[in-house]
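Q: here are the coordinates; sequence isn't available:
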């Protein structure tokens, strides 16, 4: 993979294809920026893994991205953000990082019923980032949570509108609807890809919140603040890398964000990534 380091890139990573929901928004808002996207699919999903594992994977990916000239890094994974964001900011104080934070604040501000639903992984719910967000912005609001077991695997397999996928979502959302939920937050970057199915289940009166647009806007603010924006008129290049199966990922990218592209293989070598 050849990347022109004079045109430094925005690095984006996730355990799998979920972060494509963020990458797509970044590319739409800042089409002239170059991006490198890494999917650590050999370890997907991060949700059930230990804190030490997720931190190690995140640090290895960041080292690789910095070696490729990344100027800003988006941790497009709620689990990795919950576990590693604070540590990475300490370790690399000169690099701007953007993490994923469940959009509890806009949900709490927008609810009429006082009941908000959050769909996220166990690690996200157990993290300090989630707890502090709820403490700061959702006092007096009832938060209903569900981890949607198996949903990430369904999305990684491209089974978006599938009976099993629908069943997972119905099992999560039906109890919330019975309690009067009127805002549902996507607390995992994979989950926006099933928003059409979610909307069919919850109906028009429930707002479904995808955090990707806000994350992309924050990335743009940091590019501006640190004078990192590319000043050019041509469309930026996007390089895709996976630790899993490149052919499967190429197919999924085409299905999820409708980009025809080549995906390159990278492999773990100890705690570091290298091109195969």
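A: Received it, and whenever you're ready, just let me know what you need. Because the structure is predicted, anything quoted here is derived from the model rather than measured.

Q: below-threshold pLDDT in the stretch 1-150 of the chain: ranges please.
A: Along the stretch 1-150 of the chain, the model assigns pLDDT under 70 to residues 1-7.

Q: for this structure, which segments count as helices?
A: For the chain, the helices defined by DSSP state H occupy 20-29, 51-67, 78-91, 104-110, 122-126, 128-137, 151-156, 163-178, 195-202, 212-225, 246-256.

Q: closest to residue 145 out of those helices?
A: Across those, residue 145 has its closest neighbour in helix 122-126 (5.9 Å, CB to CB). Placement of C-beta: from N, CA and C, glycine included.

Q: counting contacts, what elements does that closest one pack onto?
A: Applying 3 or more CB pairs under 8 Å, 6 or more residues apart in numbering; DSSP states H and E, one finds that helix 122-126 contacts helix 78-91.

Q: so which elements touch the helix it packs on?
A: In terms of contacts (3+ CB pairs under 8 Å, 6+ apart), helix 78-91 is packed against helix 51-67, strand 70-75, strand 97-98, helix 122-126, helix 128-137.

Q: ok so, going back, which one of the helices of the chain lies closest to residue 272?
A: With respect to residue 272, and counting by CB to CB, the nearest of these is helix 51-67 at 5.6 Å.

Q: if you count neighbours, what's buried in the closest one?
A: Residues of helix 51-67 classed as buried by neighbour count (16 or more other CB atoms under 10 Å): 54-62, 64-65.

Q: now render those residues as JSON lines, adding distance to residue 222.
A: Below are those laid out as JSON lines (distance: CB to CB, whole Å):
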{"residue": "54", "distance to residue 222": "23"}
{"residue": "55", "distance to residue 222": "22"}
{"residue": "56", "distance to residue 222": "25"}
{"residue": "57", "distance to residue 222": "23"}
{"residue": "58", "distance to residue 222": "18"}
{"residue": "59", "distance to residue 222": "20"}
{"residue": "60", "distance to residue 222": "23"}
{"residue": "61", "distance to residue 222": "19"}
{"residue": "62", "distance to residue 222": "16"}
{"residue": "64", "distance to residue 222": "20"}
{"residue": "65", "distance to residue 222": "15"}
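
Q: and the helices and strands packed on helix 78-91 as a markdown table, adding distance to residue 43?
A: Formatted as a markdown table, the helices and strands packed on helix 78-91 follow (distance: least, CB to CB, whole Å):
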| stretch | distance to residue 43 |
| --- | --- |
| helix 51-67 | 6 |
| strand 70-75 | 15 |
| strand 97-98 | 20 |
| helix 122-126 | 13 |
| helix 128-137 | 20 |
